[in-house]
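J.: Sequence and predicted model, in that order:
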Amino acid sequence: MRAVVQDRYGDPEGLRVAEIDRPVPARDEVLVRVRAASVHPDVWHVVSGRPYLLRLMGSGVRRPSCPVPGTDLAGVVAAVGAGVTRFRPGDEVFGETLRGQAWRNGGSFAEYARAPESGLAGKPGGVSFAQAAAVPTAGYIALLNLPADRVAPGRRVLVNGAAGGVGAIVLQLAKAGGAHVTGVDHTGKQDLMRRLGADRVVDYTRDDFTRGTSRYDLIVDVPGNHPVSACRRALTPDGVYVLIGHDHFGRAGRRWLGSVPRFGRLMLMSLFVRQVRGGAGGLAKAEAMETLRAHLEAGHLAPVIDRTYPLDQAGAALRHLADGEPVGRIVLTA
Ligand SMILES: NC(=O)c1ccc[n+]([C@@H]2O[C@H](COP(=O)([O-])OP(=O)(O)OC[C@H]3O[C@@H](n4cnc5c(N)ncnc54)[C@H](OP(=O)(O)O)[C@@H]3O)[C@@H](O)[C@H]2O)c1
């Protein structure tokens, strides 16, 4: 099969397309004929090998242990392992190739990829392969970080970075829950946030939400560009602050450890400050994928696609992610 191959860590231009063996699914795995795979920030991290810490977290110390990038996919089931019960060849599915949350290559930038049955859900008929592929990892992060009691009618939620991959899903899930949602993002993304359902939008190039008079029951912060103390000023007394974190494709300059020390400080702070949430909640991947499937089917989630690229332009797609100011997700099609 044709696959994108990463021989070493570095610039996305170092990726190449090669003929390699088709993977064989294990007992609890599904072999998927990939039709679309999303190009998201964590793919960039593993291709670049930065922050360096990820190389010690299973990605591979000197070079990537799995040479094929990509974690999210949508496609058609080609074969199933002996223990798989929910899918059979011909089913249209979407999901994640990696188990749990991991910072390494997952093999979805290829014509065929294997994924655990628990990481997949049936693709709703009215949703394209490209749209479905845009959801899994970002959707899982969003669900892990959304306290259910905060996204209910009468609650006010602010999403900082609301037009990005994770933020757009948080925004839509909070709206689906009935909350009043304020989205914060760049000038060029104000219309997108309104289209996604934001009740109020803030342009971060002009206004600083931490200095306004509005107070929120939940702040979900993707870029993490304000001190936590400033964000706390914008919370109600029992409001909750949740950090998703963003490395800005290396421009944040945290080459060794990325956002990890910041999360460590937040965890410590959460022991003393009720408003700060220290870690993500627990949620099984299979349950998360079913929830995302249901939201897609109900029309609560409408993934926005910036551009699609063919498999052999994976490097250009990653370059566009980091430098091209995409509005919506970038997706590879195979
Ligand atoms: N998306 C995924 O599937 C995925 C998967 C795994 C992990 N993650 C992790 O989750 C984090 C976020 O990913 P993402 O996909 O949501 O990133 P993203 O698509 O780049 O979204 C970040 C958003 O924040 C905006 N932003 C930048 N600076 C801002 C500021 N000062 N104030 C408000 N908004 C600002 C960005 O807009 P501009 O830059 O245009 O200004 C962009 O719209 C990353 O750390 C990533 O590694 C994401």
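T.: Ah, there it is.

J.: what's around Gly161, how many residues?
T.: 25 (other Cβ atoms under 10 Å). C-beta: built from backbone N, CA, C; applies to glycine.

J.: what residues are up against Arg233?
T.: 210-211 (Cβ atoms under 8 Å, 6 or more residues apart in numbering).

J.: Check the gap between it and the ligand for me.
T.: 16 Å (Cβ to the nearest ligand atom, to the nearest Å).

J.: before we move on, what about Val327?
T.: Relative to the ligand, and taking Cβ to the nearest ligand atom, Val327 is found at 8 Å.

J.: and the residue lying closest to that residue once chain neighbours are set aside, how many neighbours does it have?
T.: Distance criterion Cβ to Cβ, 6 or more residues apart in numbering; nearest residue to Val327, sequence neighbours excluded, is Asp306 at 5.5 Å. Asp306 has 17 neighbours, counted by other Cβ under 10 Å.

J.: got it, and the one 4 residues further on?
T.: For Pro310, the tally of surrounding residues (other Cβ under 10 Å) stands at 12.

J.: go on, the one 4 residues further on?
T.: When neighbours are counted by other Cβ under 10 Å, Ala314 registers 26.

J.: and if you look at Arg62?
T.: Neighbours around Arg62, by other Cβ under 10 Å: 9.

J.: Helix, strand, or coil at it?
T.: Following DSSP: H, G, I helix; E, B strand; the rest coil, we place Arg62 in the coil state.

J.: Check Gly282 too.
T.: coil.

J.: dump the residue contacts of it.
T.: Leu144.

J.: How many residues are close by the residue of the stretch 151-300 of the chain found nearest the ligand?
T.: For the stretch 151-300 of the chain, the residue closest to the ligand is Gly164, as judged by Cβ to the nearest ligand atom, at 1.8 Å. Neighbourhood size, Gly164 [other Cβ under 10 Å]: 26.

J.: Wait, it touches Gly183, no?
T.: No - contact status for Gly164 versus Gly183: not in contact, 10.3 Å apart, counting by Cβ atoms under 8 Å.

J.: and Trp44, that one's in a helix?
T.: Yes - according to three-state DSSP, Trp44 belongs to a helix.

J.: Now for it: which residues touch it?
T.: By Cβ under 8 Å, 6+ apart, the contact set of Trp44 is 12, 249, 318, 321-322.

J.: repeat that for 10 Å
T.: Contacts of Trp44 were listed using Cβ atoms under 10 Å, 6 or more residues apart in numbering, and they are 12, 50, 69, 247, 249-250, 318-319, 321-322.

J.: Glu297 now?
T.: Glu297 makes contact with 121-127, according to Cβ under 10 Å, 6+ apart.
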